[in-house]
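*Asks:* what's the 3D shape of this:
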Amino acid sequence: MPTNVPNNAQSSEESSSNFPFVGWLRDVAPYIHSFREKTFVIAFAGELVQEIGLENLIEDIAMLHAMGMRIVLVHGIRPQIEEQLMLRKIKSKFGKSAMHAYRITDAAALECVKEAAGELRLDIEAAFSRGLPNTPMAGSRISVISGNFITAMPVGVVEGIDYIHTGLVRKVDSTSIKLSLDSNKIVLLSPLGFSPTGQAFNLAFEDVAASTAAALKADKLIFLSPHAGLKDEEGDYITELSMPQLQEYVGQHHQDLDLGMKSLLNISSRAIRAGVSRVHFLPCNQDGALLEELFTHDGIGMMLASSDIENLREANQDDVGGILQLTMPLEEEGILAARGQDVIERDIQRFSVIEHDRVLFGCAALFPFPNGVGELACLAVDPDVQGSGDGERLLKRVEMRAKQEGIKRLFVLTTRTEHWFLKRGFKRATVDDLPEERKQIYNWDRKSMVLTKDL
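*Replies:* So this is what the prediction gives:
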C-alpha cells in the first residue's frame, strides 16, 4: 500500500491538489450532466485537417458521443478541392456578391468536389473506427451514418454569373437524421446535396450545418473555422453576443468584416432565428478548442445566443417586487444578507435581472468602491430554473458592467455558495482584502467568506 495516500483529515482542496483529475472531474461533471441527450451540430473547415489533423478532433467527438451527446458532424473541403484542382491543372473560379464568395462549379470542378468529399469522408469514418485509443473504449465500435440527407437546389445565375453546379440547401431530411441519432449513431454530412432529379451540387459546409441545426432545432451549432472572431472597441475578442448586439455590431463594423465572416454570421443568425439555442465560433487551428469551449466556464471562442438573452437587462423600479420575491426566501435562510424594500428601491439602478415572459427569474447587483474595486451582491436565481445557466449569465452581465465602469477587481461575500464562485474564477481572500468602506460594515455575525476575481 502506498504511504502517501491522503487520510480523512485532509481537506478536499489538498486532495484535489494531489490528484488534479479529481478537481477537473468535479468541474466538468455539471456540464456533462447538462449536455446529455442534447443535439450538437459540429462543423469544421477543411483547413482544420491541414493545420492540426483529424485524429484529436475525432477522439474528442467520440468522447462527447460516449458521454451521451447526439452528434451531427459536418466537414468542409475547400482546401481539399483546391488540391484536386491543382492536380488536374484546373483554375479555381469564384463569383462574389455582397455576402458570399461562391465557387463556380463547372463539370470538371464538380468531379474535384466529389473526389475531395469522398476522400475526407472515408478518412473521418476510418478515424471513428479506431474508437478511443488507450482507453477502455479502444476498439469499441462507433457507428457513423452518411447518406443523401440533404436536398439541394442551384444557386443559379447571380449578377450575370452562372454558378452551374454550386448549390444551396433546399431541405434537410431531419426525420432520418433523428432516427439515426436515436439509434446512437453519429451522423456525418459532407458539403454535397442532390436535387430530386439526381443532380449533385457543391454546397458550403456552413450552409449544410446551419440548415441541419435549424431542421433539428439543435441545442448547439458549433463552427471550427479559420475566420477570426469579432473584437470590441478595445481590441479584445468578444466572447458573447445576443442577436440585437450582433446586428448593432455588424451595422457599426460592416466595412471591417471580411466576406467569409459576414457570410458565417449571416448563416448563424438564420439558424438562431430558426430555433437553434446557441451558435459557437471556435478557431480551427487550436487543438482541444471544442472541449475547452464546452467544459470550461470562460470557453475559448465566441457564442451567439438566442433571443432569450434579450431578457437579461438592467433593472428599473417596476422590478422591485420581483427582486423581493427572489431574495426574501434566501434572506430567511441566511444565504443572502437582509436588504428590504427601501434599500432595493434606493439601489435599483445597481441591479441586473433576467426576465422571461415578464416574470423575473434572477437578479444580481454591482456596487462600486474606490480604486477600481466592485462588489457583486444579491445574486439570486429562482429555484425552478436553477441549473439553466441564468446564474452564470447574470455573473457575466455584472462582469461586463464592471468593466464598463472601470472596475478591475470584483469581490463577493457568501456563506454557502463558495464553490460555485470558485469554479467561475474567484479566489479565496480575507476580510482584510475588502475596501476600507466595506470592511467597516462587514457583518461578523454572518462570518461570510470573501472571494475575489480580477477582471
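
*Asks:* alpha carbons only for contacts and neighbour counts from here, please
*Replies:* Will do.

*Asks:* would you list every one of the strands in the stretch 201-350 of the chain?
*Replies:* Along the stretch 201-350 of the chain, counting by DSSP state E, counting those that start in this stretch, strands occupy 220-225, 240-241, 278-283, 302-305, 312-314.

*Asks:* State the helix or strand in which the nearest residue to residue 113 once chain neighbours are set aside lies.
*Replies:* Closest residue to residue 113 apart from its sequence neighbours, by Cα to Cα, 6 or more residues apart in numbering: residue 81 at 5.6 Å. Assigned by DSSP states H and E, residue 81 falls within helix 78-87.

*Asks:* what about that helix, distance to the chain center?
*Replies:* 31 Å (Cα atoms, centre = their mean, to the nearest Å).

*Asks:* Who are the packing partners of the helix or strand that it is followed by?
*Replies:* With elements assigned by DSSP H and E, the helix or strand that comes after helix 78-87 is strand 94-96. Strand 94-96 makes packing contacts with strand 101-103 when contacts are defined by 3 or more Cα pairs under 8 Å, 6 or more residues apart in numbering; DSSP states H and E.

*Asks:* Show me the contact partners of the strand it packs on.
*Replies:* 92-96, 163, 166, 259-260 (Cα atoms under 8 Å, 6 or more residues apart in numbering).

*Asks:* Quick one: low-confidence residue ranges for this protein.
*Replies:* 1-19, 97-100, 131-140, 297-298, 307-310, 356-358, 384-385, 388 (pLDDT under 70).

*Asks:* Find the residue at the geometric middle of it.
*Replies:* residue 280 (4.1 Å; Cα atoms, centre = their mean).

*Asks:* Please name the residues that touch it.
*Replies:* Counting by Cα under 8 Å, 6+ apart, residue 280 has contacts 220-223, 301-304.

*Asks:* Contact partners for residue 53?
*Replies:* Neighbours of residue 53 in contact, by Cα under 8 Å, 6+ apart: none.

*Asks:* my read is it is in a strand, agree?
*Replies:* No - in this structure, residue 53 is coil, not part of a strand, as judged by DSSP: H, G, I helix; E, B strand; the rest coil.

*Asks:* Would you list the phi and psi of it?
*Replies:* Its backbone dihedrals place residue 53 at phi 80, psi 170, with angles given as degrees, to the nearest 10.

*Asks:* Listing partners with orientation, what would you give for the longest strand seen in the chain?
*Replies:* With secondary structure taken from DSSP state E, the chain has its longest strand at strand 359-369. According to DSSP bridges, strand 359-369 forms sheet pairs with strand 351-356 (antiparallel), strand 373-381 (antiparallel).

*Asks:* Next secondary structure element downstream of the strand or helix carrying residue 439?
*Replies:* Assigned by DSSP H and E, residue 439 belongs to helix 436-440. Per DSSP H and E, the first helix or strand lying C-terminal to helix 436-440 is strand 449-454.

*Asks:* List the contacts of that following strand.
*Replies:* 408-415, 418, 421-422, 425-431.

*Asks:* Buried by neighbour count, from those: which ones?
*Replies:* 408-414, 418, 421, 426-427, 431 (16 or more other Cα atoms under 10 Å).

*Asks:* Out of those residues, the closest to residue 68 would be?
*Replies:* Set against residue 68, the nearest of the buried ones among the contacts of strand 449-454 by Cα to Cα is residue 421 (27.3 Å).

*Asks:* residues near residue 249, how many?
*Replies:* Under the neighbour criterion other Cα atoms under 10 Å, residue 249 is assigned a count of 15.

*Asks:* mind listing what it touches?
*Replies:* With Cα under 8 Å, 6+ apart, residue 249 has no contacts at all.

*Asks:* So how do I select the buried members of the contacts of strand 101-103 in ChimeraX?
*Replies:* To isolate the buried ones among the contacts of strand 101-103 in ChimeraX, judged by 16+ other Cα under 10 Å, type:
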select :163,166,259,260
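
*Asks:* Make JSON lines out of the contacts of strand 101-103 and add distance to residue 44.
*Replies:* JSON lines is the format used below for the contacts of strand 101-103 (distance: Cα to Cα, whole Å):
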{"residue": "92", "distance to residue 44": "22"}
{"residue": "93", "distance to residue 44": "23"}
{"residue": "94", "distance to residue 44": "21"}
{"residue": "95", "distance to residue 44": "23"}
{"residue": "96", "distance to residue 44": "23"}
{"residue": "163", "distance to residue 44": "24"}
{"residue": "166", "distance to residue 44": "20"}
{"residue": "259", "distance to residue 44": "18"}
{"residue": "260", "distance to residue 44": "14"}
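
*Asks:* which one among the contacts of strand 101-103 gets closest to residue 339?
*Replies:* residue 260 (50.9 Å).

*Asks:* pretty sure residue 168 is in a strand, no?
*Replies:* Yes - counting by three-state DSSP, residue 168 is found in a strand.

*Asks:* That one contacts residue 152, correct?
*Replies:* Yes - contact criterion Cα atoms under 8 Å: residue 168 and residue 152 qualify, at 5.6 Å.

*Asks:* Now the common contact residues for those two.
*Replies:* Common neighbours of residue 168 and residue 152 (Cα under 8 Å, 6+ apart) are residue 201.

*Asks:* how about the helices in the stretch 251-400 of the chain?
*Replies:* 259-273, 289-295, 320-332, 340-346, 390-404 (DSSP state H, counting those that start in this stretch).

*Asks:* my bad, the stretch 51-200 of the chain
*Replies:* According to DSSP H, counting those that start in this stretch, the helices that the stretch 51-200 of the chain contains are 55-66, 78-87, 107-128, 174-182.

*Asks:* Those: which one's closest to residue 291?
*Replies:* helix 55-66 (7.1 Å).

*Asks:* that older thread, out of the buried ones among the contacts of strand 449-454, who's nearest residue 247?
*Replies:* residue 408 (28.5 Å).

*Asks:* what's near enough to touch that closest one?
*Replies:* So residue 408 contacts 372-374, 402, 454-455 (Cα under 8 Å, 6+ apart).

*Asks:* Highest neighbour count among the residues you listed?
*Replies:* That'd be residue 374 among the contacts of residue 408, by other Cα under 10 Å, with 26 neighbours.

*Asks:* didn't that one look like it was pressed against residue 413?
*Replies:* No - counting by Cα under 8 Å, residue 374 stays clear of residue 413, with 11.7 Å between them.

*Asks:* For residue 236, give its distance to residue 317.
*Replies:* Separation of residue 236 from residue 317 (Cα to Cα, to the nearest Å) stands at 34 Å.
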